[in-house]
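> Everything below, folded, please.
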Amino acid sequence: MPRKPNPAFMKPMNVSATLAKVVGSGPMPRTEVIKKLWAYIKKNKLQDPKEKRMIHADAALKEVFGGKGKVNMFEMTKLVFKHLS
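Residues are numbered from 1 along each chain as shown. Next up is the predicted model:
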């Protein structure tokens, strides 16, 4: 039986101006925000090559991460969701 997506994750959320610099603006579901965030991280080679769970923030991501230069992917999700309303 296929898993039903959680409606809370599918609900379009407003993206803060800071986060919009990375993932684009406009209401979008959390799943889409994370997908775009990972695309940005991969495109800019911000994932630690040895420790894949660690993300090295560039200037735009540092703003999203509250000034942190390096976060793990679980912390990243928590920090990003603060920019959604």
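> Would you mind pulling up the elements that the biggest helix by length in the chain packs against?
Ranked by number of residues, the top helix in the chain under DSSP state H is helix 30-43. Applying 3 or more Cβ pairs under 8 Å, 6 or more residues apart in numbering; DSSP states H and E, we find helix 30-43 packed against helix 7-10, helix 17-23, helix 73-81. Any C-beta I mention is one placed from the backbone N, CA and C, and that applies to glycine too.
> tell me the mean pLDDT for the shortest one?
In this case it means helix 7-10. Here helix 7-10 scores 77 as its mean pLDDT.
> How about the last one?
Model confidence over helix 73-81, given as mean pLDDT, is 95.
> got the contact list for that helix?
Here helix 73-81 makes contact (Cβ atoms under 8 Å, 6 or more residues apart in numbering) with 19, 30, 33-34, 37, 53-55, 64-66, 68, 71.
> repeat that for 10 Å
With contact meaning Cβ atoms under 10 Å, 6 or more residues apart in numbering, helix 73-81 is reached by 13, 15-16, 19, 22-23, 30, 33-34, 37-38, 41, 47, 52-55, 57, 61, 64-66, 68, 71.
> Check the first one too.
Contacts with helix 7-10, where a contact means Cβ under 10 Å, 6+ apart, come from 29-34.
> buried subset of those?
29-30, 32-34 (16 or more other Cβ atoms under 10 Å).
> Only the buried subset of the contacts of helix 73-81, as a ChimeraX command please.
Applying 16+ other Cβ under 10 Å to these, the buried members can be selected in ChimeraX as follows:
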select :13,15,16,19,22,23,30,33,34,37,38,41,54,55,57,61,64,65,71
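> how about the buried ones among the contacts of helix 7-10 in JSON lines, adding distance to residue 82 and pLDDT?
What follows is those, written out as JSON lines (distance: Cβ to Cβ, whole Å; pLDDT from 0 to 100):
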{"residue": "29", "distance to residue 82": "16", "pLDDT": "95"}
{"residue": "30", "distance to residue 82": "12", "pLDDT": "94"}
{"residue": "32", "distance to residue 82": "17", "pLDDT": "96"}
{"residue": "33", "distance to residue 82": "12", "pLDDT": "96"}
{"residue": "34", "distance to residue 82": "14", "pLDDT": "95"}
